[in-house]
Every structure is written in structure tokens, then in C-alpha cells.
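> Okay, predicted coordinates and the sequence, questions at the end:
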Amino acid sequence: MSKHLLKFTVNGKDHALVVNSHDRLIDVLRNELGLKGTKEGCSTGDCGICAVLMDGKLVNSCLIFAIQARNRKITTIEGIGTAEEPHPIQRAFMKWNASQCGYCIPAMILAAKDLLDKNPNPTMEDIKHATSGIICRCTGYLKIFEAINTAAIEMKAESK
Amino acid sequence: MMEKPAAREQKQQLQFVGKSLGRVDSLDKVLGKPIYTTDTVPENALYLKVVKSTVANARIKKIDLSKARNYPGVVIVVSADDIPGINESTALLPDKPLFATDRVRFAGEPIAAVASYDPTIAEEATDLAEIEYEPLPAVFTPIEAMQPGAPLVHENGNVCKNMKVRKGNTEAGFKEADLIVEGTYKTPFQEPVPLEPEAGFVIPEPDGSVTCVGSIQSPFHVQTGIAKILSLKPEQVRVIQAATGGAFGPKSDETPVDVLGMAALVAVKTRKPAALSYTREESMIGHTKRHPFVISLKTGVKKDGTLTAWEARLVSDTGAYASLGPLVLIRACLHATGPYNIPNVKTDAYCVYTNNTMAGSFRGFGGPQVHFAAESQMDEIAKKLGMDPVDLRKKNMLRPGALTATSQLVDEGCGLEECIKRAVKESDWYKKREQFHADNGTKRRGLGIAIMYHGNSLGPEGNDFATVHMQIERDGKIKLRTALTEYGTGAPSALLQIAADTMHVPFDHFILEPPDTDFCNDSGPTVASRTITIGGRATQMVAGKLGQKLKEVAADMLQLPLSDIESNNGVYHDKSDAHSVTFRDVVAHAYSRGIALKESGTFTAPRCEYDPETSQGSFYLQYTYGAVTAEVEVDTETGRVRVLKMVAAYDVGKAINPLSLEGQIEGGTVQGLGYALMEEMIHKDGIVVNPNLGDYYVPTSLDIPEIKTIIVEYPGALGPFGAKAVGEPPIVLPAAAIVNAIDNAIGVRVNEIPATPERVLSGLRNQRK
Amino acid sequence: MHRFDMFVPEDLEDLLKYVDSHQSGVHVIANGTDLINRIQRKQVTPKVLADISGLNELSYVRKEGDKLKIGALTTISELISSPIITKHYDVFREVAAKFGGPSIINMATVGGNICSASSSEDLLPVLLVLNAEVRLRSLRGERTTTVEEFLKGKRATALKHNEILVETIFRELEPASTCSFDKVGMRNSLIIAFVNSAVYLKLAKAGRLVEDIRVAFNRVNGKIPQRARHTEEKLRGMKLSEESVAETVRALKHELKLTSDFRVSEEYRVDVASALFKRMLNRCSEKLVGERGIV
């Protein structure tokens, strides 16, 4: 078949769409659902900025065909925080001016969420490994590490 | 000449400048808002795919696009024949077409473009374009290209620019020397890798004009280029910069005009919006990269370490088209000695065409190459003299009162000595070097240093000006608009801090408007770290005028003479503080009286005076200085180098936003680390072998060292509050510092970067023989 | 992107029927980590992709008797977080640590690694030194073959068009044995290895006798991971010492028939292979007998 009915959940909302066999998950997120926060940087899985959470796991949306996301729960950056109430990770990134050109930031924030959901007490080593599949060309990573560290501390404090 | 910043800003108490305030663009970026070019392409747009040359140097005998045109779903195919204006897309010299016609000079050069509503169809159709080539002998190294009888890349010869520096008499200088050291150094094509590849779309407007939206650094450069191609007046081409995911140089050269030019042709012919975004591969092949240089140095020095003469021969590979090669050459040529006080200097520099892909603007702009060579050479000299590398540098470094290689007098705005001192202290230089000397296992540590200077802004490269527009809305929001672009630096946000302190109005009142040629005047390219230096001065001017206007309105409201009014933190009051009005009151009053709260202004930097024959004179209005140390661990069995810690000390004049500044320094340092150890765009017979991020390696989060940033402030003559250029300098030194550290660790001098594991191991192998 | 059809099987039987009835042009895909790149570069132009990613029954890590069995769809991250993959099997964690970050290990599958059959698949040297086998199912039955025999050449396996790789099996590591893995590339993450290496060592504490040794590299004599059997022979039955290892390294350098490419030269690959081999031996012997730096 060259077209499929794709049923999946994105940021808590159910969708049913017709997709082509060759459509990648990133194509459907950006073009069909209008969720532009997920970025394409290389198309070969080497930069990681297309990362989204699929059933709670960080994956590269440029390496998954859309139909392979059937029945899965996807979280993109649009599902994290709002302008009125940014997520603590987003607040931390702003506090540290950790976003420069911004192109890797959605993926970095999702990687941070992936890490902190599973490990609320990460060491710097944990933070470095959690972000090791995402390229940042502007920041040299250090402020991103600080932001994630701050987010961990604040999220722990908030949960008390 | 120039009024010193201290005098200008003497009485100013700063509330916002010098503070690490949050950037105004952060919220949108952390929320993933659709602000980049490909996020906002209109619904009914056509998508382009480019037909590119597959050979490096050839005559084109035939271009047959009929099969592509007839492919179902293809709406139009455009080529040079469809250009109403001039077939040109270039940054400096008129040597490069938008579409190749009878000749291609590099593999990947655009020949035509296919447009369809379905990008997959457009891509499939590009395979159907039939191009008949007659391959020509090609040349792939500049040294070869300079030989008589070498294949000609362009008719007028392969050397597109040469330049020299002549200070004193090097022959005499060598006679005075106790030791002469020679060395040859090579640097690669470094690919900028902005995370967002080039992208743009064009909307044809009913009145015959076009609106271009793109990922660009220089809106007016794009406007001029598109107008030429479409045979329109510049005012008929509106260019809007969308949020841009990184730039670093190439997006101020040809590719934005390439991309928007091709899209514009389709848009104008079909009357439909047209969009083109490059894949990573197209971006890496098509846009400009750092010039490879071959640098030969001959240096004379006395026993006590005093440099007596310095000769440099620089040859750069600019690829098939010049791009900004001539300007990169100028900067490299002028800085080829490193930041040292040398009485006799002779530099000859050549920018050479080859059939490789293009080299042009990339952060550092010649600085990284010449400092790699100069600082490696200094360490070699130190070794041969048995002198500590720090001592040798201190002996010769530029200080106030010294003369540069161009005989420019160094003024008091020179913090090089403090940078060195603090870097040496923070890196624990003497203790660690001694400690590392005792390493005897398979892992050996080393500590190296490098120092630099960087002439600020455009200097001799062109007219250096910036225009800022400011307007206060009825609701009290103060809008600042300039054609200087944000692409990650944070500099435009910092302009708001300058405006806030100039007007004495809180920072949160200010809004940055996007660059749009319909609503602002030219400010030149956003390059050379000019935004804060030149843009900041324009901001001070305009904010000053606007602030003055507010004071006048306040004086009118309070019925007091203007000279009695003081402003502070959004309040206007008399000297006794008995009567006051708020900023909001003043704005409301102005609106009710029909007083326009709007100002614009252009700051133009004074031109420099120099002798173009000998390159003697003042080339730059101020210099940024820096010292960087690198601590490395070399695995002597695999050649892998781990950088453990770096100290980066920069004299930045005045840090407008210290946190953003640190971010720039850290980012540039890591790009420099990549240049030192792993980044190399490899051509084989003109074909790029690694045009993807799997085979072209940029540093990941696991590759970075501890980086300690030290901010030193010796105000410069040019920038606001003495601020100096900081965008580029951080990428200049890491390669030299790391290579010097490797030499300290294992006694191997890597003369060609990147110092890949293979090159390091090869050096060790040769050592053992 | 090249166009193709996608077949989405309801279960394994459905998939087996499908591949049985189609001669060629069908590529089975778990996720695109390898295949998407190859399609985009036009190295492969499939007519149909069969999406195996939904067949959860192929995702498991089990211990049955003295065998460990890993379903083909088990991802690297699922593998290393399985309680069955104890510290004794830390070699898999060594692979994961240098694999390329969380998203890559969340996507890469054990079966996918094997079927990609290339020298950039890090799991392969480990599976080779574990003497791992693969179970292949078709409509007509099933068969088991060693990973070594399964890998025929660069991107060529013994998989018949109507077969699906469903499981990887290896015998559990005895207490006196261990495995280790390392790789050297240009940087510390997202690495395409210049050289990678896996070593299996069974060491008697008394006399440091090498009871068994198996070593594999991403390339030995060709473009796919292989065992360096002559090298193994040299060290098997010997006492682990500087002399015996030095002699074995000489044999290794002889056995390696590597090539140069735009990344690195043959000479460098051989030097690094030798260095990694010694390091693996040290690491393994340290794990087993607690002594450091024997060689």
C-alpha cells in the first residue's frame, strides 16, 4: 500500500491521518499537524535535533516512518510548557541564556525531560550523556548543561 | 580623532549594560515557536529542487531540461535562460553566476531548478535533467594553481588577490638575529555547519514586487542581489529575515542569494509562492567554508627572545569562485605575525582559485589560520631558545605604545598582558607543566598557550555603518529595528540593554523588531562582530535622541526648563525630586500633542588611513585581545587527544551582557576545538567526500573540556562603553593552544590541522624511528 | 525520498506469508537508522518496505537454561536495562555508551544491527566473540546459524528472501570468563569507528592461563566484522604475559588485511587494532583476576 491511515496521539491529542508510505514522522508532525517545533538538520540521524518522545522514549523523528508511529504517544516541544507557564526546564534554559540560535533547543529540552523523568538526580556526566546525540553548534553545550542541572534542582524542590 | 568611551559615557550609571539579563528571543525558542523560514512557508507554495553539476571543471555542451519539464507534477523548470536581469549571485567579485550556462567550475554548482507542489516530484524530476559536459583539466591545490601553465579556473588568472605588508627591512632584521626558525603550516576547509541549512521562500506581490523571507545574515545584500537577477529596483524587493538557526558566515555570502534567487525566478514566472531549502549535503557543498591556507614562516630572534624579523607567505584556496576570499586574505595578511611588536615584517599573501567548492566567510575570517601558524611558530622558537613559551610571548607582545605589523600605534585599550597573566594563573601553568613532564605512561598530558589580536569590525574591508530605528508605541512599548540580524549571537538583544541605559527606561519596555528592508535602512552585513560595536553606537545615538525628546516632553509637562530635568528608571523629575512624571505619562502626553516619538540614525565609523602598497597605517579602530590555554591528554597508542580544560581570557572592552558573552566564548572555543582536532572537509578531485554530519565531525557534548572564561575590560575607542568585537575572536586560538599542548605532552609538532588521531600517531611513529 | 509501498503485518505469521509470496524488492524495516540513509543516497531502491516495528512478540530478553535469547526487535536500550543482562554482561553497556546517545540506542535493534552487516555495526564483534547464533524463520520452518556464517560480506547476509531474523542466541558466560568492547573514532559520541574490537577471555586464575580467547574487529580481512582466528590460536593455551601478548600482537598485525580510505590509513587501523586488543585483554583480565596492567 502506498497510503495508510495513521492513528496516533500527539501531545495528548488523538489524530487520524492519511499518510504516504515514505512520509517520515517528522514530515507528518511538521506538515500535516503543523507542529513546526521539531527541526530537521541533517536527514541522516547524525544531528539529533529532530528528536521527539515516543511512548516516553527519545527517538529521532527523521529516522522513523510515520506509519511506524501508529498507536504511539508522541510528545513534541509543543507539548512542553506554555508562554504563560513555561516548564521548569524551559525556565532554566531562559535563565542561563542557553538558547542561542535556538535550532537544537527543542530537542535538547526533550532530551532533558527524558533524562529528568527517569533520573531526577542526574550528575553532570548523566547530563552530558543524555545530550550526547544532539549537536549544538552555537553554545559549546556548557550553558545547556547548567540549565538542565538547574531544572533538576528546581523540579526536585517543586515536587516537595 | 575618536572620542574615548570614558569621556563619552563618564557620568553614566549603568543599570542594564553589564548585567546578565535574559535574551529577548529566548521564550519563543524554548517553546519551539514556528519562527524559522521553513516553519512559515505559505500553504500553496511550489517547492524547488536544484540540478547541480556533477563534475568539477567542464564546459557545458548541452542542457536539456525537456524530460524534467514533462515529468508529471512538475510546474516549471528554470535556468539561466529565465533570468530577466543579470545572471549573477556573488558576494564581492562579479565572477559567479546564479545558474551555470556554458561552464561549471565546481562539483555541485547550480545549473537549473525544478519546481513542483510536491518536493518528492521535484527531486525525482532533477534526475531527468540531461547535461552534457566536456570535462576540462582541473586544479585542486592553490600551489598547483599558481604554477605557470596550470589550468585556468577563470580567464584572468588563478590568483584573484594578492597583498603585502612591508615594515622595516627583514633582511637586516635576520642579520641581527641569533636564531632563524622556519616552519610551514597547513589548515583545512572547515565547514561552518549552521544547524539550519539554507532556506528561503519568495512571494510574488500583485504590484510586481517580491517579498523574500529567508535564513540570512545580510538583508540588504540579498535585496541588491535579487533585484539584479529579477531586473527590479531594490525598493521592489522586500527582504525579511526569519529567525535563523545559526549562520557563522556563509549566510552573508552567496547561498542566500542563490536560494532566494532561484525561488524568486519561479515565483515571478508562476505568480505563486516558491520555496527552496537545502539539504545538509547541498548546504555543505554549496555554501562557503573557511579558506584552507598554506603558511610559510621565517622568523629571526635574538638569544634573549626578542623577535627581530618576521616573514610570512600565505596562500589560500578560495575554491571555484572568490566569494569574500580577497577580504579574508586582507585580514589574514594584516594579522600574520600574531599580536607581537616586531620591527621588521614582510608578508606576501595570495588568494587563489581552484576547482574545489567555495571558501568565503566563516567566523574568524583568516584569524584562525594565521594564529595557528604564528603561535605554533612561537612555541618552536621558545623550544629552540630553551625559553618558557609564556616568557617569550610576554617579551614580544603588543602593549600600549608598541607598533603592530602595520605600524599602527597600540593605545591604552590593550588588555593583552592582563589576559596572559590571568590565563597563566587560572591554568596553573608552571606547576602543571612541571607535573606533566613526569607523565610516563601511555597517556601523556600537556599544557599549551596561544595569544591573539583581532582588528575590530570591517576596518579596511569597506564602509562601516549601521542604522537603527526606534519608535515608542502608545502603550509604552519601545520598538527597536535594525537590519543587523540575530542568528544566535544575542547581540541584537544586547542593543536593547544599551538603549535602556541610554534612555534611562527599564529594559522590559523594549521590543526587538525583525529585520525587514521595507521598514529599516541598510546597516551593512551582520558580520565581523559589528552588531554591538557599530550597531551599539548607532543605538546610543538614536536612543539618545529619543531620550532627549522624552525629556523635552517631560519639561513641558512639568513646566520647567529642560536643563532642570533628570531621568532615572522611567521617571522624569526635577533636581530636587519634588515633581515628577512617569515614562507612561510622558508618552501619553506626547501622543495627545501629536509629538512623534520616533527617531532614526546612522553611525558611520571613521575611515582608516593606510598605505595600500606597504600596508602601513591604521587599519582598525580598536582591537580585541585574547589568551587561551589548553590542557590535553594524549593517548600515545591511538593518537586520540582529550582536551581536559581550557582557559579563555579575552579583553572585550566592556561586556554588555556577561552571560551571553560567556555563551559566545564557549561556543567559539568549542568550534575552535573542532577545528583543532576533528573538522576537515575533504575533497577528492573536487568532489566533497564527506558532505554529511556522519563523516564530517563536529564536537558533541562528550567532547568538550572544562572551559573557564575570563573577561578583561580595557575599553576600546570605537564601541559603546568601549565594547569590543567578541563574536569571532573565541574561534581563533583553540587550535594553536591545543597543538602547542600536544607538543608539550609528547614532543610532536603537528603542522597540519586537524590534529587527527592518525596525524598524532604518525608524529609519534616518526619520533620513534 | 524514493517512493515505495509499506506493508504493515498484523503479526509474525502475516509477515512470513508476505515475504514468502514476494520474490524480491522487499526490505524489512524496524526503524530507519540504517535503511533511510541508504534509500536517500539511492544505494537501495526498495519497492516495498515491510514494517516489523509493531511485532512486540519479537522484543524480549530471556534466559532459557544456559542460553540467553534476545528477540530481534529488542533495542539496545531495552537490552542494557534488562535484569538478565547483569554486570557480567557489561560488554553490552560498553557498546551502548559509545553508540550515539539516547535516541540512537532507543531505536537501534539487535536484529537490525545484524542484518545491516557492515563494519559500523558495533554489536557484531561482540556477538561474534560470544559465538552467537541467529534463528531465522520462514513459512516453511526455521533454522539456526552462527552470526559468523550469517554475515557473508558488506551488506550481504545469508538471509533468504522469505526469511525473518527473529532471535539471537548465545551461551551464558561462565564465571571464569568475560567480554569487553571498545572503539576508537574521531570523537566521543556519534562515532563511526576507525576500529572497534570485542574480546572474550576465559582465564584460569592459577598461572593466568588463557583457557579460551576470542577476538573480533570491525574489519579483519574485508569489510565486515570478523573473528581474528589466527590471533586467537596464538594466545589460546598460553599464559597471559607481556611476551605472549607481544607475540600475539605480531600475529594480529599479520592477520589484519585492512584498507585505507578517506578517514584513516591501513597503517593506523593496524596500530589501533593492536592497541585495542591489548587494552581489552587488560580489561578482561582485571575483571576476572583483579590484576591491572598485566600486558
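That came through, no problem.
> Please name the residues that touch residue 48.
By default, I'm working from chain A. Counting by Cβ atoms under 8 Å, 6 or more residues apart in numbering or on different chains, residue A:48 touches A:41, A:60, A:104, A:107, A:111, A:133, A:134, A:135, C:101, C:103. In this view, the C-beta of every residue, glycine as well, is placed from N, C-alpha and C.
> was after chain C, sorry
Contacts of residue C:48 by Cβ under 8 Å, 6+ apart are C:4, C:5, C:6, C:7, C:22, C:25, C:26, C:27.
> element containing the last one, please.
So that's residue C:27. In this structure, residue C:27 sits in strand C:26-29 according to DSSP states H and E.
> Let's verify the residue in chain A that chain B sits nearest to: helix, strand, or coil?
Going by Cβ to the nearest Cβ, chain B is nearest to residue A:37 of chain A, at 2.5 Å. Put simply, residue A:37 is coil when judged by DSSP: H, G, I helix; E, B strand; the rest coil.
> The most centrally placed residue in chain A: what's it in contact with?
When Cα atoms, centre = their mean is applied to chain A, the residue found nearest the centroid is residue A:110 (3.4 Å). Neighbouring residues of residue A:110 by Cβ under 8 Å, 6+ apart: A:51, A:52, A:53, A:58, A:75, A:76, A:77, A:80.
> how far does stretch B:340-360 stretch from start to finish?
End-to-end distance of stretch B:340-360 (Cα to Cα, to the nearest Å): 27 Å.
> Also stretch B:521-535?
First-to-last residue span, stretch B:521-535, Cα to Cα: 12 Å.
> one step back: burial of the residue lying closest to the residue of chain A closest to chain B once chain neighbours are set aside, as a residue count?
In space, and not counting its chain neighbours, residue A:37 is closest to residue B:32: 2.5 Å by Cβ to Cβ, 6 or more residues apart in numbering or on different chains. Residue B:32: 26 surrounding residues under other Cβ atoms under 10 Å in any protein chain shown.
> I'd say residue B:32 and residue A:79 touch.
No: with contact defined as Cβ atoms under 8 Å, residue B:32 does not count as touching residue A:79 (9.5 Å).
> circling back to that earlier point, and chain B, which of the contacts of residue A:48 contact it?
Restricting those to those within reach of chain B (Cβ under 8 Å from any Cβ of the partner chain) leaves A:41, A:104, A:133, A:134, A:135, C:101.
> Torsion angles phi and psi at the fourth one?
Okay, so that is residue A:134. With angles defined as degrees, to the nearest 10, residue A:134 sits at phi -120, psi 130.
> Please tell me I have it right and it contacts residue B:702.
No: in this structure residue A:134 lies outside contact range of residue B:702 using Cβ under 8 Å: 11.3 Å.
> just the helices in chain A please.
Secondary structure of chain A (DSSP state H): helices located at A:25-27, A:88-95, A:105-118, A:124-130, A:142-159.
> same deal with the stretch 101-250 of chain C?
C:102-107, C:110-116, C:123-129, C:147-150, C:229-235, C:242-255 (DSSP state H, counting those that start in this stretch).
> same deal with the stretch 251-400 of chain B?
Applying DSSP H, counting those that start in this stretch to the stretch 251-400 of chain B gives helices spanning B:255-270, B:280-286, B:325-334, B:367-385, B:389-396.
> element containing residue C:270?
Since the elements are taken from DSSP H and E, residue C:270 ends up inside helix C:266-289.
> That helix close to chain B?
Yes: Helix C:266-289 lies within reach of chain B by Cβ under 8 Å from any Cβ, at C:268, C:271, C:272, C:275, C:276, C:278, C:279.
> domains for the chain, by residue range?
With no chain named, the answer covers chain A. Using automatic domain parsing, the domain parsing of chain A gives A:3-79, A:88-159.
> my question was about chain C
Following automatic domain parsing, one gets these domains for chain C: C:5-51, C:63-171, C:177-289.
> The ones you listed: which one's closest to residue B:353?
For the domains of chain C, the distance to residue B:353 is smallest for domain C:177-289, at 23.8 Å, taking Cβ to Cβ.
> List the single closest residue to the closest residue to chain C within chain A in space, sequence neighbours excluded.
Going by Cβ to the nearest Cβ, chain C is nearest to residue A:133 of chain A, at 2.0 Å. Using Cβ to Cβ, 6+ apart and skipping the chain neighbours, the partner closest in space to residue A:133 is residue C:101 (2.0 Å).
> what's near enough to touch the one you found?
A:48, A:129, A:130, A:131, A:132, A:133, A:134, B:700, C:189, C:190.
> ok so, going back, pLDDT on the strand holding residue C:27, on average?
The pLDDT scores in strand C:26-29 average 90.
> related to what we said a few turns ago, any chance of the helices of the stretch 251-400 of chain B in TSV, plus mean neighbour count, distance to chain A and mean pLDDT?
Below are the helices of the stretch 251-400 of chain B laid out as TSV (neighbours: other Cβ atoms under 10 Å in any protein chain shown; distance: least, Cβ to the nearest Cβ, whole Å; pLDDT from 0 to 100):
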stretch	mean neighbour count	distance to chain A	mean pLDDT
helix B:255-270	28	15	98
helix B:280-286	23	4	98
helix B:325-334	26	20	98
helix B:367-385	25	16	98
helix B:389-396	20	25	98
